[in-house]
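1. sequence and predicted structure below; questions after.
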Amino acid sequence: MIFSTVEFLVFFVGFVLAGLVVCRLLLPFWCEKAFLLLASYLFYGMWDWRFCALIAVSTLIDYVLGQAIAAEGNLARRRWLLTLSIVANLSVLGFFKYFNFFVDQLLAVLPFATADEVLRVILPVGISFYTFQTMSYSIDVFHRRIPAERLLLNFALFVAFFPQLVAGPIVRASLFLPQLQTAPRVSIRAMHSALIVFSLGLFKKVMVADRLAEFVDITFDNPGLFDAATTWLSVLAFGVQIYADFSGYSDMAYGVALVMGYRLVRNFRLPYLAIDPSDFWRRWHVSLSSWLRDYLYIPLGGSRQGRLATTRNVIITMTLGGLWHGAAWRFVAWGLLHGALIVCGHQLGRLRLWPRRVGGWAVTVGAVFLIWVFFRATTFEGAVAIYGQLFVPGPGIAWPAPYPILIIAGLAAHHAVLASRWRRHAFVTRRNPLTPFILPFCWLLPMFFHPRAFQPFIYFQF
């Protein structure tokens, strides 16, 4: 079920909100949590009911090991238990996410095997997100940052809470579990904020991301078919599409949770206003970038062991971050290039050679948009072909699509305002007098001008 469909609105309003009203008026708080857990498993089961067993097993493993880690006083045994938790999580993630990839690599070097003779594994939706959530819980319990959750119901809801289940944000136990101790209170102000955030997310998803997808899918799925100008336009369009798609999902997830009285993290902080590569990753997919920083980069040594070690740690972290997105060499290349970009930014900044403000913004965003090619291309070879068309133009079809040009220009103008002294007027908030006039368009335009087919969120595949 996709947030931007009528089916989800029926499920959420007709089932979830109606059930919550009954629970809050007539029943104790644990009944509300049980109902939300049931709703979350129903939501997840609509993708494929078999995946519900997988998330249930993952929940039980980390709940039991979390209790054992918290109760164990011997440091060596606690480390062994933590290692068991991490290995269990990574084994499940590795099997479902990377089995097909390794099979394909073997098929490439084993001439006596064919693709029809090997097992193929279906990737469970959202497995990367809830696996990282449960891993961070075990690590935090090990370091005594948080106590182990005693109630299985609370822990199961933390893992499976449906607004963020299939595409994040990656919610830390330290943020969510305390919210399950007492019944939430929903104010009119919070409801208003939830409506604003969800409406903006809906508009970004349907009117920006889905409409751009109609252009981007054709150009990227046929590398080398279009001329250089169209290829450049498609690269810019995808940079806008993925931002609108993923931030739109995150906004809708935040709004859905907030209307029920629960708070998630805000996953985007205007990333295309970043002035250097590190700044970009402090703004883009904040829950993942902060997870990689806290649970991978810092344990590797961070920046405490000299420049060479810092460079190594950045490259490892970003390359594994790329591999987290998908089992393909193009994702490895995408992460590796981002790691190299961050290292170059650090070194040039240390030498005072990194351009300031507008120059730094132009270099950062330009590099990010170019690196998106590896992320979107269907194959590594397709990405190389697109780069070739960008920098060594050849003959091809010209497609000066007006809608992508209009959207890109609109986003550029909006960001220019956000970067100026008039930025407070560009935010749609409760205090902005234009908000009551903007919100109806966020619903009416998608209703009447949506694409012919709803597109799944890009990050559902991760």
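-> Yep, it's here.
2. show me where the stretch 251-400 of the chain has helices.
-> Ranges of helices in the stretch 251-400 of the chain, per DSSP state H, counting those that start in this stretch, are 277-283, 286-292, 298-300, 307-325, 329-350, 358-376, 380-391.
3. where does the protein have low pLDDT?
-> 108-120, 423-428, 430, 434, 452-454, 462 (pLDDT under 70).
4. again, 80 this time
-> 1, 100-123, 168, 419-438, 441, 443-444, 446-457, 460-462 (pLDDT under 80).
5. could I get the helices of the stretch 251-400 of the chain in JSON lines, plus columns for mean neighbour count and distance to residue 230?
-> In this view, the C-beta of every residue, glycine as well, is placed from N, C-alpha and C. Below are these laid out as JSON lines (neighbours: other CB atoms under 10 Å; distance: least, CB to CB, whole Å):
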{"stretch": "helix 277-283", "mean neighbour count": "20", "distance to residue 230": "26"}
{"stretch": "helix 286-292", "mean neighbour count": "21", "distance to residue 230": "32"}
{"stretch": "helix 298-300", "mean neighbour count": "13", "distance to residue 230": "42"}
{"stretch": "helix 307-325", "mean neighbour count": "19", "distance to residue 230": "26"}
{"stretch": "helix 329-350", "mean neighbour count": "20", "distance to residue 230": "21"}
{"stretch": "helix 358-376", "mean neighbour count": "18", "distance to residue 230": "14"}
{"stretch": "helix 380-391", "mean neighbour count": "17", "distance to residue 230": "9"}
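6. can you redo those as CSV with distance to residue 25?
-> Formatted as CSV, those follow (distance: least, CB to CB, whole Å):
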stretch, distance to residue 25
helix 277-283, 41
helix 286-292, 33
helix 298-300, 46
helix 307-325, 42
helix 329-350, 48
helix 358-376, 47
helix 380-391, 55
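7. wait, which of the ones you listed is closest to residue 57?
-> Nearest of the helices of the stretch 251-400 of the chain to residue 57, taken as CB to CB: helix 307-325 at 21.1 Å.
8. list the contacts of that closest one.
-> 128, 288-289, 292-293, 296-297, 300-303, 331-336, 338-340, 342-343, 346, 375, 462 (CB atoms under 8 Å, 6 or more residues apart in numbering).
9. for that helix, list the C-alpha coordinates in PDB.
-> Included here for helix 307-325 are C-alpha records, laid out as PDB according to Å, rounded to 0.1, in the frame of the first residue of the first chain:
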ATOM      1  CA  ARG A 307      44.300  11.900   8.000                       C
ATOM      2  CA  LEU A 308      45.100   8.600   6.300                       C
ATOM      3  CA  ALA A 309      42.900   6.600   8.800                       C
ATOM      4  CA  THR A 310      40.200   9.200   8.500                       C
ATOM      5  CA  THR A 311      40.200   8.900   4.700                       C
ATOM      6  CA  ARG A 312      40.000   5.100   5.000                       C
ATOM      7  CA  ASN A 313      37.100   5.300   7.400                       C
ATOM      8  CA  VAL A 314      35.200   7.700   5.200                       C
ATOM      9  CA  ILE A 315      35.700   5.500   2.100                       C
ATOM     10  CA  ILE A 316      34.700   2.300   4.000                       C
ATOM     11  CA  THR A 317      31.600   4.000   5.500                       C
ATOM     12  CA  MET A 318      30.300   5.500   2.300                       C
ATOM     13  CA  THR A 319      31.100   2.400   0.200                       C
ATOM     14  CA  LEU A 320      29.100   0.200   2.600                       C
ATOM     15  CA  GLY A 321      26.400   2.900   2.700                       C
ATOM     16  CA  GLY A 322      26.200   2.500  -1.100                       C
ATOM     17  CA  LEU A 323      26.100  -1.300  -0.800                       C
ATOM     18  CA  TRP A 324      23.300  -0.900   1.800                       C
ATOM     19  CA  HIS A 325      21.100   0.600  -1.000                       C
END
